[in-house]
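*Asks:* Here is a sequence with its predicted model. Questions after.
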Amino acid sequence: MPETNSNLATSGAIRAQSLFVLAGSLALLVSLSIAISVGAVQVPLGTVWGVFLNKVSPGIVETNWSQGREAIVWEIRFPRTLLAMMVGAGLAMVGASLQAVTRNPLADPHLLGISSGGAFGAILALLHTGLFLGLLTVPLLAFFGALLATAIVLGVSRFADATSADRLVLAGVAVSFIIMAAANVLIFLGDPRATHTVVFWMLGGLGLAQWGQLAYPLVILFACGIWLLRHAGALNAMTIGDETASTLGIPVARFRLLVFVVGALITGVMVAFSGIIGFVGLMVPHVVRFIVGGDYRRVLPGSALLGAIFLLWADIVARTIMAPEDMPIGIVTGLVGGVFFIWLLGRRRG
Amino acid sequence: MNPASLEVRDVGWTPARTGAPVLYPTSFKLETGRVLGIVGPNGAGKTTLLRMLYRYYRPETGTVLINGEDIWALPARTVAQRIAAVLQEQPSDFALTVGEIVALGRTPHRHGFGGNQGANDTRVIENALRRLNLHGLAHRHLSTLSGGERQRVMVARALAQEPHLLILDEPTNHLDIRHQLEVLELIRTLPLTIVTSLHDLNLASGVCDDVLLLKGGRSLGFGTPNKVLSEETVSDAFHVVARQEHLSPSNTNHLTFHLRNH
């Protein structure tokens, strides 16, 4: 009976899916624990969760660690790893969504110049305008920078008739170069005492994470993530083609624009807090599709999960490989992502 | 499925870039349940006309009416519940399965979070898969299918939309003879009003109730194939010498084409 077959297949798919979510959540928790425990000062896993439990509900576990340890775990490493998770999840979801609306497997906030735009806005705020809107200044200007870069890339790709996959990426890279040059001018003109911090941040650094600032990326990530998930069906339709999506009742031009704005919002805010971390958005969705298939109702949550795990491990590598020095995490993702990019190019040709 | 009537009143279109009309104001009325073939040489305006019928281009002049209602006065979603289209777009490989692509046809009928599937949706999708003989392929990726199978997936996707009017753009392109015949058989038997562009005039007269012959953005005739596809009109439209011949065992008319008279 075909009915029974397909029902079986559906329940099989659901089982595979719940297995993926379960395994993924477990891997995320393990990665998080390890990320907090390793570093210049090794902290036992028991202490990590002891500190956490005591913070949630004081007195629940007996304190057998020093104040210093507690400060390292709670004030430095927890916010840092939570930020890593949010940045990874956010950038991966942006990459996945941009890939659908441009029908371009190479779309990525970094390759399309959106991250550079965010960095430009953030540098403008950090070195020149001052924090005239308080803590919101940097993420807000980063968002506008990212949005402006998106508009320029789309304008250039239309002007140069570069809507094909490869040429859109070329347009993005070209715009990215120009914006980075402008950003470097801003750094060059800025206060020399501040430039070291800015350059370090720009290469991708999670080291500046603080509890007080985590609310911004968290709110943006949740709001935008839910919006994207609500439109998973439309993202699926966009992968077939503009005209077909339009015959399914989707206002194609407006929807694509909205996805770009949401993408710029996530990217801008993540860049503001973590610098430029490339290739997460390119790499993670491909791996996720390989595991859960192409339906965006699964690709989006899967990307968020895997992106978070990937960035936790990238951060672990960045902190341990040259310990006690912190290597900028952008170097790690750039290395891994660049190799993945080359592999992807070869696969697409074959 | 409830077939709808289609009326096109003085519909014309000029692209902004060149300013030269691609389609001059054209009118016709297609009765409920009939199959219309749009034929004509390359650049005649067939695709442009189709794009206005499935509400992708907004006509510069005139109106397109489905069951008497202007499709641009209706919300896009409502139109998508009535008109489906099978186009020549090649989906990029995003690892969607056949079942997932056919399920996309339910998009305009869905409400709620992320488009969850109700029992009725599942039934419609199953029926569409079965009608196009795709049941065994539901879990395959589109990229692993042949051209003919992909075309069937796209038709099944359109049928899952439960449209009243089905529009097809060159559905027999790049298909071998057997698959061409299968697609045409389907067009003949679907209880829908159908508009299709076709390259092959003999296929068109075999499958269509009405044809619209276009040349350089102007209509050279609308009506039954016998009436419109005469030797003179076809010769004029395609710059050839067309001859109406009679095939003997099958007892049908058949057009042949020649560069000059001899």
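*Replies:* All right, it came through fine.
*Asks:* drop to CA atoms for contacts and neighbour counts, all remaining ones
*Replies:* Will do.
*Asks:* Tell me who's in contact with residue B:212.
*Replies:* B:36, B:37, B:38, B:39, B:219, B:220, B:221, B:222, B:223, B:228 (CA atoms under 8 Å, 6 or more residues apart in numbering or on different chains).
*Asks:* The first one and residue A:337, how far apart?
*Replies:* Taking CA to CA, to the nearest Å as the criterion, residue B:36 is separated from residue A:337 by 52 Å.
*Asks:* next one: the last one
*Replies:* Distance, residue B:228 to residue A:337, using CA to CA: 60 Å.
*Asks:* What of the fourth one?
*Replies:* Residue B:39 sits at a distance of 50 Å from residue A:337 (criterion: CA to CA).
*Asks:* Neighbour count for these two, which is higher?
*Replies:* residue B:39 (24 against 20; other CA atoms under 10 Å in any protein chain shown).
*Asks:* Show me which residues of the helix or strand where residue A:260 lies are buried.
*Replies:* Using DSSP states H and E, the element containing residue A:260 is helix A:252-274. By neighbour count on 16 or more other CA atoms under 10 Å in any protein chain shown, the buried set for helix A:252-274 is A:252, A:255-256, A:259-274.
*Asks:* how about the residues of chain B near chain A?
*Replies:* B:54-56, B:76-81, B:83-87, B:89-92, B:94-97, B:100, B:104-105, B:107-108, B:113-115, B:135 (CA under 8 Å from any CA of the partner chain).
*Asks:* Show me the beta-bridge partners of the spatially most central residue of chain B.
*Replies:* In chain B, the residue lying closest to the centroid (CA atoms, centre = their mean) is residue B:168, at 1.9 Å. Going by DSSP bridges, residue B:168 is paired in beta bridges with residue B:86, residue B:196.
*Asks:* What segments of the stretch 251-350 of chain A are strands?
*Replies:* Assigned strands in the stretch 251-350 of chain A: none (criterion: DSSP state E, counting those that start in this stretch).
*Asks:* got any ranges where it has weak pLDDT?
*Replies:* Applying pLDDT under 70 to the stretch 251-350 of chain A flags residues A:348-350.
*Asks:* Give me the neighbour count for the residue of the stretch 1-150 of chain A found nearest chain B.
*Replies:* Going by CA to the nearest CA, chain B is nearest to residue A:103 of the stretch 1-150 of chain A, at 6.4 Å. Residue A:103 has 23 neighbouring residues, counting by other CA under 10 Å.
*Asks:* do the same with residue B:261
*Replies:* For residue B:261, using other CA under 10 Å, the count is 9.
*Asks:* Wait, it touches residue B:241, no?
*Replies:* Yes: using CA atoms under 8 Å, residue B:261 makes contact with residue B:241 at a distance of 6.4 Å.
*Asks:* Quickly list what's touching both of those two.
*Replies:* In contact with both residue B:261 and residue B:241: no residue, using CA under 8 Å, 6+ apart.
*Asks:* about what we covered before: so who does the residue nearest to the centre of chain B touch?
*Replies:* B:85, B:86, B:87, B:194, B:195, B:196, B:197.
*Asks:* can you check residue B:199 too?
*Replies:* B:39, B:40, B:41, B:170.
*Asks:* is it true that residue A:52 touches residue A:74?
*Replies:* Yes: contact status for residue A:52 versus residue A:74: in contact at 7.5 Å, counting by CA under 8 Å.
*Asks:* Near the residue lying closest to residue A:261 once chain neighbours are set aside, how many other residues are there?
*Replies:* Nearest residue to residue A:261 in three dimensions, chain neighbours excluded: residue A:147, at 6.4 Å (CA to CA, 6 or more residues apart in numbering or on different chains). Using other CA under 10 Å, residue A:147 is surrounded by 25 other residues.
*Asks:* Let me know the pLDDT of residue A:147.
*Replies:* On the pLDDT scale, residue A:147 is placed at 93.
*Asks:* who's in contact with stretch B:82-91?
*Replies:* A:239-241, A:243-244, A:247-248, B:54, B:154-155, B:158-159, B:161-171.
*Asks:* Go again with 7 Å.
*Replies:* For stretch B:82-91, the external contacting residues (CA atoms under 7 Å, 6 or more residues apart in numbering or on different chains) are A:239-241, A:244, A:247, B:54, B:154-155, B:158, B:161, B:163-169.
*Asks:* Within range of chain B, give me the residues from the stretch 201-350 of chain A.
*Replies:* Residues of the stretch 201-350 of chain A lying close to chain B by CA under 7 Å from any CA of the partner chain are A:229-233, A:237, A:239-241, A:243-244, A:246-249, A:289, A:293-295, A:297.
*Asks:* quick one: low-confidence parts of the stretch 151-262 of chain B?
*Replies:* For the stretch 151-262 of chain B (pLDDT under 70), the answer is B:262.
*Asks:* rerun that using 50 as the cut-off
*Replies:* In the predicted model of the stretch 151-262 of chain B, no residue satisfies pLDDT under 50.
*Asks:* Strands of the stretch 151-262 of chain B, start to end?
*Replies:* B:165-169, B:193-197, B:210-215, B:218-223, B:241-247, B:252-258.
*Asks:* The stretch 1-150 of chain A now?
*Replies:* According to DSSP E, counting those that start in this stretch, the stretch 1-150 of chain A contains no strands.
*Asks:* Can you spell out the domain ranges of chain B, please?
*Replies:* As given by automatic domain parsing, the domain ranges for chain B are B:6-229, B:230-262.
*Asks:* right, so those: which one is the most enclosed?
*Replies:* domain B:6-229 (a mean of 19; mean count of other CA atoms under 10 Å in any protein chain shown).
*Asks:* ok, now how distant is residue A:266 from chain B?
*Replies:* 20 Å (CA to the nearest CA, to the nearest Å).
*Asks:* give the contact list for the closest residue to chain B within the stretch 251-350 of chain A.
*Replies:* Across the stretch 251-350 of chain A, no residue is closer to chain B than residue A:294, which sits at 4.4 Å (CA to the nearest CA). With contacts defined as CA under 7 Å, 6+ apart, residue A:294 is in contact with B:94, B:95, B:96.
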